[in-house]
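> Fold the following, please.
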Amino acid sequence: MLPDLPSPAGLTPSSLPDDAIEVGRILDAWGVKGWVKILPHSTDPEALFSAKAWFLQAPETKFRPGFTAFSGTVSLHVDEVKAHSDSVVAKFSGLDDRNAAEALRGVRIFLPRSSFPAASKDEYYWVDLIGLSVVNREGVDLGLVRDLMTTGPHSVLCVEYATSQQDASDTKATVTERMIPFVSAYVDAVDIAGKRITVDWQPDY
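So this is what the prediction gives:
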């Protein structure tokens, strides 16, 4: 575990926006000039590149016990962001050395949903799909989108649904998951406003 480090300059006490979404985490310092390495929560981190200020909250205790760089919510102005290998690296105003960057290791990054760039036609942010109901062409309820994952060239909807299992004395409800490729061959329509995705998929697939 790293020793306590001085609180970085440039941290501005702030309130988390009402539409804030957690979009990533600071993994560690990158280089010696105050850059940080980011782990995005999604494969489409465009919002990180367009936002001029990020909102930060302390890491969970189990992730980094004894965190002291700041408390509550703070914001930082972003000087530069760029893709690097399978992650993102960023430079903040006021963070000019490695120690300042290391002090933010594990910090959670939030952005207001309203700041996200508009998605292209037939493209969607993962965060907008989480929680949508999934039904097939016959109107059969297939569950709710719990998460998405990337498998090679396309994404896959992770859809949770309830099933019943009966033993000798009782019937128990359990939560099961089905995977549906998020491609036009199986997805007929995405209705964000109506919170529904229609698919060409059967419950027994």
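
> Return the residues in contact with the residue nearest the centre of the chain.
With distances taken as C-alpha atoms, centre = their mean, residue 41 lies nearest the centre of the chain, 3.5 Å away. Residues counted as contacts of residue 41 (C-beta atoms under 8 Å, 6 or more residues apart in numbering) are 22-25. C-beta coordinates here come from the backbone N, C-alpha and C atoms, glycine included.

> same deal with residue 96?
Applying C-beta under 8 Å, 6+ apart to residue 96 gives the contacts 9, 33-34.

> Torsion angles phi and psi at it?
Here is the backbone geometry of residue 96 (degrees, to the nearest 10): phi -120, psi 0.

> Would you mind measuring from it to residue 129?
39 Å (C-beta to C-beta, to the nearest Å).

> Over to residue 94?
Counting by C-beta to C-beta, the gap from residue 94 to residue 129 is 36 Å.

> Between these two, point out the one with more neighbours.
For residue 94 and residue 129, the more surrounded residue by other C-beta atoms under 10 Å is residue 129, and the numbers stand at 19 against 14.

> Name the helix or strand for the nearest residue to that one once chain neighbours are set aside, please.
Nearest residue to residue 129 in three dimensions, chain neighbours excluded: residue 145, at 5.3 Å (C-beta to C-beta, 6 or more residues apart in numbering). Under the criterion of DSSP states H and E, residue 145 resides in strand 141-151.

> Quick check: next helix or strand after that strand?
Counting by DSSP H and E, the next helix or strand C-terminal to strand 141-151 is strand 154-166.

> Settle this for me: residue 82 is touching residue 48, isn't it.
No: in this structure residue 82 lies outside contact range of residue 48 using C-beta atoms under 8 Å: 10.1 Å.

> Can you pull the residues that touch both of those two?
Jointly contacting residue 82 and residue 48 under the rule C-beta under 8 Å, 6+ apart are 88, 90.

> list the contacts for the nearest residue to residue 97 once chain neighbours are set aside?
Nearest residue to residue 97 in three dimensions, chain neighbours excluded: residue 34, at 5.6 Å (C-beta to C-beta, 6+ apart). Going by C-beta under 8 Å, 6+ apart, residue 34 touches 91-92, 95-98, 100-101.

> can you put those in JSON lines and add distance to residue 163?
Putting these into JSON lines (distance: C-beta to C-beta, whole Å) gives the following:
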{"residue": "91", "distance to residue 163": "49"}
{"residue": "92", "distance to residue 163": "47"}
{"residue": "95", "distance to residue 163": "50"}
{"residue": "96", "distance to residue 163": "55"}
{"residue": "97", "distance to residue 163": "54"}
{"residue": "98", "distance to residue 163": "51"}
{"residue": "100", "distance to residue 163": "51"}
{"residue": "101", "distance to residue 163": "47"}
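
> Sounds good, over and out.
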